[in-house]
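Trainee: everything below, folded, please.
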Amino acid sequence: MPGGPSPSLTGFVGHSRPWARRAVRLASLGLPRGEVRDRYRREFVSDLSDLGAHAQVAYCVRVVVGVPALRLAVRNTPSSPLEPIMATTTRPLRCRLTFHRWEAAHTPDGQRFDRCARCHKERGDGRTGFSGLAIG
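Mentor: Residues are numbered from 1 along each chain as shown. Okay, the predicted model is just below:
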């Protein structure tokens, strides 16, 4: 037939269904915003064109079920080699509430100072919090 694919080829490889494209696009909304989401959305949609109609159903189910695990994986994967170095760690709740456990520590040249055993905040280092204020 001129003007479109022959009816016998509809649903075979190379023709992704609109509902399948919509399903994987919606599933990709569960991924972190930005470049990661856009990249996986394009990949999911392009993978559909390699599948037949019945295989597209199974693929959509696998994508929807797999998005939570993929979200966890991409969040825990550094986007650059320096990211682990620049990552900020969260302080324990007790330290955020200014209940530090002070311990004695020493600098490499032997000077003594106090720091929290949990979050490594130094006493009097100027960070906010009641336990770090210098009264003078």
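Trainee: so where's the chain uncertain?
Mentor: Within the chain, the ranges that satisfy pLDDT under 70 run 1-14, 77-89, 125-136.
Trainee: which stretches in it count as strands?
Mentor: 102-106, 112-116 (DSSP state E).
Trainee: what sits up against the first one?
Mentor: Applying Cβ atoms under 8 Å, 6 or more residues apart in numbering, the contact partners of strand 102-106 are 112, 113, 114, 115, 116, 117, 123. The C-beta positions use only the backbone N, C-alpha and C, and glycine is treated the same way.
Trainee: now, among these, which is nearest to residue 21?
Mentor: residue 116 (52.5 Å; Cβ to Cβ).
Trainee: ok, for that closest one, nearest residue in space, not its chain neighbours?
Mentor: Using Cβ to Cβ, 6 or more residues apart in numbering and skipping residues adjacent in sequence, the residue nearest residue 116 is residue 100, 3.9 Å away.
Trainee: let me see the contact set for the one you found.
Mentor: Here residue 100 is in contact with 94, 116, 118, 119, 121, 123, 131 (criterion: Cβ under 8 Å, 6+ apart).
Trainee: neighbour-wise, which of those leads?
Mentor: residue 116 (21 neighbours; other Cβ atoms under 10 Å).
Trainee: I'd say it and residue 96 touch.
Mentor: No - here residue 116 does not reach residue 96: they are 11.2 Å apart, not a contact under Cβ atoms under 8 Å.
Trainee: state the distance from the residue nearest in space to the middle of the chain to residue 30.
Mentor: By Cα atoms, centre = their mean, the chain has its centre lying nearest to residue 75, at 1.9 Å. For residue 75, the distance to residue 30 equals 11 Å [Cβ to Cβ, to the nearest Å].
Trainee: how about residue 98?
Mentor: 37 Å.
Trainee: for residue 48, same thing?
Mentor: For residue 48, the distance to residue 30 - Cβ to Cβ - is 18 Å.
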